[in-house]
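[1] pasting a predicted model and its sequence here:
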Amino acid sequence: MKVKVSAVVQFHNSQEFVPRLMDSILHMGFPEVEVVCVDRGSEDATVPMIHEYMHSMPNRVQLIEEKEISVLAALNIGLDCAKGEYVHFIKPTDEVLDFAYEVIYSKMLKYDLDVIRVSGIVLDPRDDKTVGLPDFSLAHMPDEAFLKLWDLSPESHRLDRIPDQRLCIYRRKFLEENNISFPADSYFGERIFILRSILLARRFMISQDRVLLDRMDLQPMVTDTFIEDAIDGLKIFKNTMDSFDLEERARLRLIEDEFFGLCDYLQHVATTDMMKKEDGEIREFILSWEDSIKDTLLAHYEKSIEEMGEKGLLKHEVIEKKVFYQEIPNPKVSVIMPSMHEEDRINFTLKTLSMQTLEDIEIILIDVGSRDATVPIMREYAAVDERFQVIVLDGFTRREAVSFGEKVARGEYLVTVDVLDELNEDTLKEMYEERSGERLFFRKNKRVG
């Protein structure tokens, strides 16, 4: 079997997470994927559970057992053992969304990418509500940031806040040729790996495609030396960045974003006593920078300290809009959308449809012969949101597809949407309340009521 994607995971006493993670990868509709498991000396049932998967799928699961090694050293071992064209590093607590690897593999090939940045869903494990982490969902990025090859100019979205390492997928040959691995002895090793990858990539793109489901760690481990280690990591980050021939504005933007990210993290995990203890070292680090940036860093740091003094530890915002939906038994509106070869645009439309303020809807997606990643993208949405229904009718015209959609629609009203239609989150609610649509074909469903 040709391995197209290698998912590399390090485990340590992770028995409660093994089935969910492994099933999400091995049972998706894309078999050319392997899981490279590196166990760091688990004493629970982690290893026996992985052995069961190896027995049932011997060509798709690798297990390497090492004791007393760091997380990053384990990921390096996994990278060395990976056979896939592309590599994705994830945590044992993650899940990979159905059809996600098929979609990303298609894009990596189509655009000949070394690195692609993707999005994910973050859940509060207590109630499965979506947690507001814009860097994870890419909600802070404008539409023009996606599906475009980005260079290293100061205005490039390639330089937007360096992402979580799980939100990048890499061409394995690119990593090997550039000798990119995790600095296993550095607190900021993951960040250095991502930074080098993003700066060295010949072809880099950002995609809206959702790949990962992360159940947020509500009690992140914070050691007594956390801030000291983070400052040491930022120094390594700076030295790594300075080894590249970047424009000065691009260089300053990167360090600003990384420092601002650290301050934001401290607001969520560091106690006031911890901040007081390390305040001198943080200020010394800031003042070591050139005049063009140190005033900005110092002002942001002092603002963070002030906010912590007023509010204490901050909590992540919980977004009220859901991501997971059950099928709606009696939808008010049935959306019918035909498609063919729409992989570069369809994410925008599906995302807007999924976020409609009128929630009592069904969305009937009918593909009439795509040979790109259009159908897998639609199926990824349907796997998360049961209001979506995917139908494939090869050889049908778009008009015939709409007619078929009308026959299976259960909504009180029908609306036909084209992938290129510009919608907002209130479009369906407004049309339903007014019982009309100026731009879209909104009509009564004669088969209902």
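    On my side now, so go ahead.
[2] please count neighbours and contacts with C-alpha atoms only from this point.
    OK.
[3] sketch out the low-pLDDT regions of the stretch 151-300 of the chain for me.
    Scanning the stretch 151-300 of the chain for pLDDT under 70 picks out the ranges 218-224, 271-272.
[4] can you pull out the helices in it?
    Assigned by DSSP state H, counting those that start in this stretch, the stretch 151-300 of the chain shows helices spanning 172-177, 189-200, 226-242, 248-269, 272-287, 291-311.
[5] repeat for the stretch 1-150 of the chain
    18-26, 46-56, 71-81, 100-110, 134-137.
[6] who does the longest strand seen in the chain pair up with?
    Scanning the chain for the longest strand, with DSSP state E as the assignment, gives strand 204-215. Here strand 204-215 is paired, per DSSP bridges, with strand 94-96 (antiparallel), strand 115-124 (parallel).
[7] so which residues make contact with the shortest one?
    Residues from elsewhere that reach strand 94-96 (Cα atoms under 8 Å, 6 or more residues apart in numbering): 20, 21, 24, 25, 211, 212, 213, 214, 215.
[8] now for the fourth one: which residues touch it?
    The reference is to residue 25. Each residue near residue 25 by Cα under 8 Å, 6+ apart is listed here: 33, 35, 95, 96, 97, 98.
[9] for the contacts of strand 94-96, which one is nearest residue 401?
    residue 211 (28.9 Å; Cα to Cα).
[10] for residue 72, see how far away the closest one is.
    22 Å (Cα to Cα, to the nearest Å).
[11] the more surrounded of the two?
    Higher neighbour count among residue 211 and residue 72: residue 211, with 25 against 19, using other Cα atoms under 10 Å.
[12] neighbours of the nearest residue to residue 344 once chain neighbours are set aside, how many?
    Computed as Cα to Cα, 6 or more residues apart in numbering, the closest residue to residue 344 that is not its neighbour in sequence is residue 147, at 7.1 Å. Applying other Cα under 10 Å, we find 17 residues neighbouring residue 147.
[13] same thing with residue 444?
    15.
[14] and it, what's its pLDDT?
    Residue 444 carries a pLDDT value of 89.
[15] again with residue 62
    97.
[16] do residue 310 as well
    pLDDT, residue 310: 60.
[17] repeat that for residue 316.
    Listed pLDDT for residue 316 reads 57.
[18] same thing with residue 17?
    94.
[19] how many other residues sit next to the nearest residue to residue 135 once chain neighbours are set aside?
    Residue nearest to residue 135 in three dimensions, not counting chain neighbours: residue 163, with 6.9 Å by Cα to Cα, 6+ apart. Neighbours of residue 163 under the rule other Cα under 10 Å: 20.
[20] next one: residue 132
    Count around residue 132 with other Cα under 10 Å applied: 18.
[21] and residue 66, by the same measure?
    Using other Cα under 10 Å, residue 66 has 15 neighbouring residues.
[22] what's the pLDDT at it?
    95.
[23] that one against residue 42, yeah?
    No - applying Cα atoms under 8 Å as the test, residue 66 and residue 42 come out as separate, 9.4 Å apart.
[24] can you check which of the strands paired with strand 204-215 gets nearest to residue 8?
    Of all these, strand 94-96 comes closest under Cα to Cα, at 11.7 Å.
[25] tell me the mean pLDDT for the closest one?
    Computed over strand 94-96, the average pLDDT equals 95.
[26] name the residues that touch stretch 66-80?
    8-10, 36-41, 64, 87, 89, 181-185, 189-190.
[27] how much space is there between residue 227 and residue 5?
    On the measure of Cα to Cα, residue 227 and residue 5 end up 36 Å apart.
[28] so between these two, which is more surrounded?
    Looking at residue 227 and residue 5 with other Cα under 10 Å, you find the greater number of neighbours at residue 5, namely 27 against 21.
[29] so what secondary structure elements neighbour the helix or strand containing residue 389?
    If you go by DSSP states H and E, residue 389 is part of strand 388-392. Counting contacts by 3 or more Cα pairs under 8 Å, 6 or more residues apart in numbering; DSSP states H and E, strand 388-392 packs against strand 361-367, helix 374-384.
[30] would you mind writing the CA trace of it as CSV?
    Output in CSV follows, covering the C-alpha atoms of strand 388-392 (Å, rounded to 0.1, in the frame of the first residue of the first chain):
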residue,chain,number,x,y,z
PHE,A,388,-26.1,18.2,5.7
GLN,A,389,-27.0,15.4,3.2
VAL,A,390,-24.6,14.5,0.4
ILE,A,391,-25.9,13.0,-2.8
VAL,A,392,-23.7,12.1,-5.8
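[31] which strands and helices lie in contact with the next helix or strand after it?
    Once the chain leaves strand 388-392, the next helix or strand it forms, by DSSP H and E, is helix 398-408. For helix 398-408, the packing partners by 3+ Cα pairs under 8 Å, 6+ apart come out as strand 333-339, strand 361-367.
[32] relative to strand 388-392, how tilted is helix 398-408?
    On the basis of axes from the mean of the first three to the mean of the last three Cα atoms, to 10 degrees, helix 398-408 is oriented at 130 degrees to strand 388-392.
[33] if we can go back for a sec, what subset of the contacts of stretch 66-80 is buried?
    The neighbour-count criterion (16 or more other Cα atoms under 10 Å) marks 8-10, 36-41, 87, 89, 181-184, 189-190 among the contacts of stretch 66-80 as buried.
[34] kindly report the domain assignment for this protein.
    Using automatic domain parsing, the domain parsing of the chain gives 5-215, 226-311, 333-444.
[35] quick one: end-to-end distance for stretch 266-276.
    By Cα to Cα, one end of stretch 266-276 lies 12 Å from the other end.
[36] please renumber the chain so that the first residue is 35 from this point on.
    Shifting the count to begin at 35 puts that one at stretch 300-310.
[37] in it, which residues are buried?
    300, 301, 303, 304, 308, 309.
[38] give me the pLDDT for residue 339.
    On the pLDDT scale, residue 339 gets 79.
[39] and it, how close does it get to residue 287?
    Using Cα to Cα, residue 339 is found at 22 Å from residue 287.
[40] could you export the domains of the chain as CSV, including distance to residue 358?
    CSV is the format used below for those (distance: least, Cα to Cα, whole Å):
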stretch, distance to residue 358
domain 39-249, 9
domain 260-345, 26
domain 367-478, 5
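[41] thinking again about what came up before, closest one to residue 166 among the helices and strands packed on strand 422-426?
    Here helix 408-418 is closest among those (Cα to Cα), at 17.7 Å.
[42] what does that closest one rub up against?
    Here helix 408-418 has contacts from 131-134, 136-137, 243, 357-359, 373-377, 380-381, 384, 399, 401, 422-424, using Cα under 8 Å, 6+ apart.
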